[in-house]
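Asks: build me a model from this:
(2 chains)
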Amino acid sequence: MSRDQLEEIVNTEYPDILIREKKEEKHELPELPNVHGNVVMRMAPSPSGPLHIGHSRMAILNDEYVRRYGGRLILRIEDTNPENIDPDAYKMIPEDLQWLGVNVTETVIQSSRMEFYYSEARRMISEGYMYVIEENQKEFHDLKLKKIPVMERDSEPSVNLEKFDRMLSGHYNDGEAALVMKTDINHPNPSVRDWIAFRINTHEHPLTGSRYTVYPTMNFSVSVDDHYLGLTHVIRGIDHLVNTEKQKYVFMYNNWKLPEYFHYGFISIPDTILKTTIIKEGIKSGKYSGWDDIRLGTLVALKKRGYRPDTFRKYWISSGMNKSNATFSWEIFNSMDREIIDYDTERYFFVPEPTPIHIKNPLVLKSHAMLHPQRPDSGFREYELPPDAMIYFPEEELSKIKEGEIIRLKDLCAAIMKGGKLQYTKDEPEGRVKIIQWAPENSGDMEVFHPDGNIDKGKIEPLAMDKHQVVQLERYGYVNLYGTRAYFLHK
RNA sequence: GCUCCGAUGGUGUAGUCAGGCCAAGCAUUCCGGCCUUUCGAGCCGAUGACUCGGGUUCGAAUCCCGGUCGGAGCACCA
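Replies: All right, here's what the predicted structure looks like:
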């Protein structure tokens, strides 16, 4: 007997036992290993601009685990490269995180910990784990590729300490000396071999000015910070895989306990402008109105369009910590957002490409539209139209109506196409007909800005004018209203 | 080139560590239908996937080997 036959019998004879448990879907992140009590986690953006969608993943993932297990979430601003820092970012990043609902328990700014990095460096130099190279960086690099150590690799700690102090005293210019972390000169990955831990950069720093000229590279500052801040788990992008490898040497030399590391895969976000350099240029040239230009993928731009912070959380939790590369799905993201906002968004009429038409109604007409179809108690939008009223109708729809066809003006009346003109009819249409939105004569002008740069000009019904909220423009899509303009959210 | 990482429907994921409950779950999109004074929401239905080849095993999406494809890194950026 086949499975089909069996099912057939069960279906007809014993339907009761068929009540199968529906597997409940888990939109949950996996448990973290080695959790003993609270966790300490961090996010470490560089202050080159405000946060964008990509950053939100790191923020949400870390925040979500700290919420689950309890503990601390450290925002560590990694500003050890004085070039490419946007001073505004120090303010924008915390604001973005707050909007996302990420609960930062403390903030650490690396440029304010320079003395600490120096003292850690001195200690590790004196223990023989670091050495200074001078004037021969090119050679240093070439020799590394050939797995050959430079001469300085074996110099005495006291000599290295002396040279390091000379670095700090301003004796060298940019690129003339560097402090190197000894690792394994035979490591299969050349970049892991003896990496640069401190370099000289005389660029002015937005926060510390010209006080410091010797800056740690991220692999050094991250290592010592991760340890001294007590990190238990580190979640970050797969692009840091090799960095983790490098940082492990610092932990090993100092006998520090390694945090648990997780690296999630690259996510490419289609049709979205994220690169800070491109955005900055665009703002400068006037192409973009600012960081919150809705054509951008920054969080402030997405906020302006009306996305809810919870949508980000939901999306990133459902994506999990997959190591494989993936494509960000606006489709799914928008669907999640729709689910969250739909119940709260009022309905209004917007007529793009409006064409005025006389509907030739013999009597006064009253429209009666619900503010929200699922919430009858939310009220109605009502307009009174005098006889032979003029209304606005979408141009595009008008051209698609055939001669003699009856349509319905939503929540108003039926209308028939006669002699190329649409006009009132009291005949009730049979079956399914087109139901189309319209706008009364005293409607306002509105421009809807789309993220692809397009602008739809049209008429917005009077009751929606001057509103500042996310609404659904029926048959058009969800938008965020800003008075006489609106930003398109999604369908 | 070298080093590392990965591969489940159109898309995003669950399952892989501890092989059998997977005849592969969920979400989303598309398609069809129902409902409806929105093309939104809701309801019903349908299509659609374990990268390939070997091996181990009674049994492999899951373990092993190899190939292919994709990605990242190879900085005095983070």
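Asks: quick one: the helices in the stretch 351-491 of chain A?
Replies: Remark: helices assigned in the stretch 351-491 of chain A by DSSP state H, counting those that start in this stretch are A:395-398.
Asks: what residues does it have near RNA strand B?
Replies: Contact residues (C-beta under 7 Å from any atom of the strand) of the stretch 351-491 of chain A with RNA strand B: A:373-374, A:397, A:408, A:410-413, A:432, A:435-436, A:472, A:474-475, A:491. The C-beta positions use only the backbone N, C-alpha and C, and glycine is treated the same way.
Asks: max pairwise distance over those residues: which two?
Replies: A:Cys413 and A:Lys491 (27.1 Å; C-beta to C-beta).
Asks: of the two, who's got more company?
Replies: A direct count of neighbours by other C-beta atoms under 10 Å for A:Cys413 and A:Lys491 places A:Cys413 higher, at 17 against 10.
Asks: so who does the more buried one touch?
Replies: A:Ile359, A:Asn361, A:Leu365, A:Tyr424, A:Thr425, A:Lys426 (C-beta atoms under 8 Å, 6 or more residues apart in numbering).
Asks: for the first one, give me its contacts.
Replies: With contacts defined as C-beta under 8 Å, 6+ apart, the neighbours of A:Ile359 are A:Leu385, A:Asp388, A:Ala389, A:Met390, A:Ile391, A:Leu409, A:Cys413, A:Ala415, A:Leu422, A:Gln423, A:Tyr424.
Asks: again, 10 Å this time
Replies: By C-beta atoms under 10 Å, 6 or more residues apart in numbering, the contact set of A:Ile359 is A:365, A:385, A:387-391, A:393, A:409, A:412-413, A:415-416, A:421-425, A:438.
Asks: dihedrals phi and psi, it?
Replies: phi -90, psi 0 (degrees, to the nearest 10).
Asks: give me the number of residues near A:Ala301?
Replies: Residues near A:Ala301, counting by other C-beta under 10 Å: 26.
Asks: quick one: secondary structure of it?
Replies: At A:Ala301 the chain is in helix, as set by DSSP: H, G, I helix; E, B strand; the rest coil.
Asks: list the contacts of it.
Replies: A:50, A:52-53, A:272-273, A:279, A:288-295, A:307, A:451, A:487 are the contacts of A:Ala301 under C-beta under 10 Å, 6+ apart.
Asks: go on, A:Gln110?
Replies: A:44, A:46-47, A:76-81, A:116-117, A:207, A:215-216, A:218, A:221-222, A:225.
Asks: could I have the buried ones of the contacts of A:Ala301 as PyMOL selection syntax?
Replies: Applying 16 or more other C-beta atoms under 10 Å to those leaves a buried subset, and the PyMOL line that selects it is:
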select buried, chain A and resi 50+52+53+272+273+279+288+291+292+293+294+295+307+451+487
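Asks: just the contacts of A:Ala301: which are in helices?
Replies: A:Ile53, A:Ile279 (DSSP state H).
Asks: please list the members of the contacts of A:Ala301 that lie in strands.
Replies: Judged by DSSP state E, the contacts of A:Ala301 include A:Tyr487 as members of strands.
Asks: related to what we said a few turns ago, dump the contacts of A:Cys413 into a markdown table; add distance to A:Val159 and pLDDT as well.
Replies: As requested, the contacts of A:Cys413 are exported to a markdown table (distance: C-beta to C-beta, whole Å; pLDDT from 0 to 100):
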| residue | distance to A:Val159 | pLDDT |
| --- | --- | --- |
| A:Ile359 | 93 | 93 |
| A:Asn361 | 97 | 94 |
| A:Leu365 | 94 | 94 |
| A:Tyr424 | 97 | 94 |
| A:Thr425 | 98 | 93 |
| A:Lys426 | 101 | 89 |
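Asks: A:Ile238 - how many residues pack around it?
Replies: Neighbours of A:Ile238 using other C-beta under 10 Å come to 16.
Asks: helix, strand or coil for A:Ile60?
Replies: helix.
Asks: how close does it get to A:Glu461?
Replies: Using C-beta to C-beta, to the nearest Å, A:Ile60 is found at 37 Å from A:Glu461.
Asks: swap in A:Ala177?
Replies: Taking C-beta to C-beta, one finds A:Ala177 at 70 Å from A:Glu461.
Asks: which one's more surrounded, those two?
Replies: A:Glu461 (25 against 22).
Asks: the more buried one and A:Ala369 touch, don't they?
Replies: Yes: A:Glu461 lies in contact with A:Ala369 (C-beta atoms under 10 Å); the separation is 8.8 Å.
Asks: what do the two both touch?
Replies: A:Tyr348, A:Phe349, A:Arg381, A:Tyr383, A:Gln437, A:Glu474.
Asks: of these - the most surrounded one?
Replies: Going by other C-beta under 10 Å, A:Phe349 tops the shared contacts of A:Glu461 and A:Ala369 with 30 neighbours.
Asks: dump the residue contacts of it.
Replies: A:367, A:369, A:381, A:383, A:392, A:409-412, A:436-440, A:443, A:458-464, A:473-476.
Asks: before we move on, what about A:Trp256?
Replies: A:Trp256 sits in contact with A:Ser223, A:Val224, A:Asp226, A:His227, A:Tyr228, A:Lys248, A:Val250, where contact means C-beta under 10 Å, 6+ apart.
Asks: give me the element A:Ile133 is part of.
Replies: strand A:130-134 (DSSP states H and E).
Asks: in that strand, what's buried?
Replies: A:Met130, A:Tyr131, A:Val132, A:Ile133.
Asks: would you give the sheet partners of that strand, along with the direction of each?
Replies: Pairing partners of strand A:130-134, with direction, according to DSSP bridges: strand A:177-181 (antiparallel).
Asks: and the buried residues of strand A:130-134, which is closest to RNA strand B?
Replies: A:Ile133 (6.9 Å; C-beta to the nearest atom of the strand).
Asks: the closest one bridge partners, please.
Replies: Here A:Ile133 sits in beta bridges with A:Ala178, as judged by DSSP bridges.
Asks: now do the contacts for it.
Replies: With C-beta under 10 Å, 6+ apart, A:Ile133 has these contacts: A:139-140, A:150-153, A:155, A:160, A:163, A:176-180, A:194, A:196.
Asks: could you rerun that using 6 Å?
Replies: A:Phe140, A:Glu152, A:Ala178, A:Val180 (C-beta atoms under 6 Å, 6 or more residues apart in numbering).
Asks: out of these, give me the two with the largest separation.
Replies: A:Glu152 and A:Ala178 (10.3 Å).
Asks: of those two, who's got more company?
Replies: A:Ala178 (21 against 16).
Asks: per-residue confidence for the more buried one?
Replies: Listed pLDDT for A:Ala178 reads 95.
Asks: you'd agree it is up against A:Arg199?
Replies: Yes: counting by C-beta atoms under 6 Å, A:Arg199 is a contact partner of A:Ala178 at 4.9 Å.
Asks: need the strands for the stretch 151-300 of chain A, in chain order.
Replies: A:177-181, A:196-200, A:214-216, A:233-237, A:260-264, A:267-268 (DSSP state E, counting those that start in this stretch).
Asks: would you turn those into CSV with distance to A:Ser111?
Replies: Converted to CSV, the strands of the stretch 151-300 of chain A look like this (distance: least, C-beta to C-beta, whole Å):
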stretch, distance to A:Ser111
strand A:177-181, 18
strand A:196-200, 14
strand A:214-216, 8
strand A:233-237, 21
strand A:260-264, 25
strand A:267-268, 29
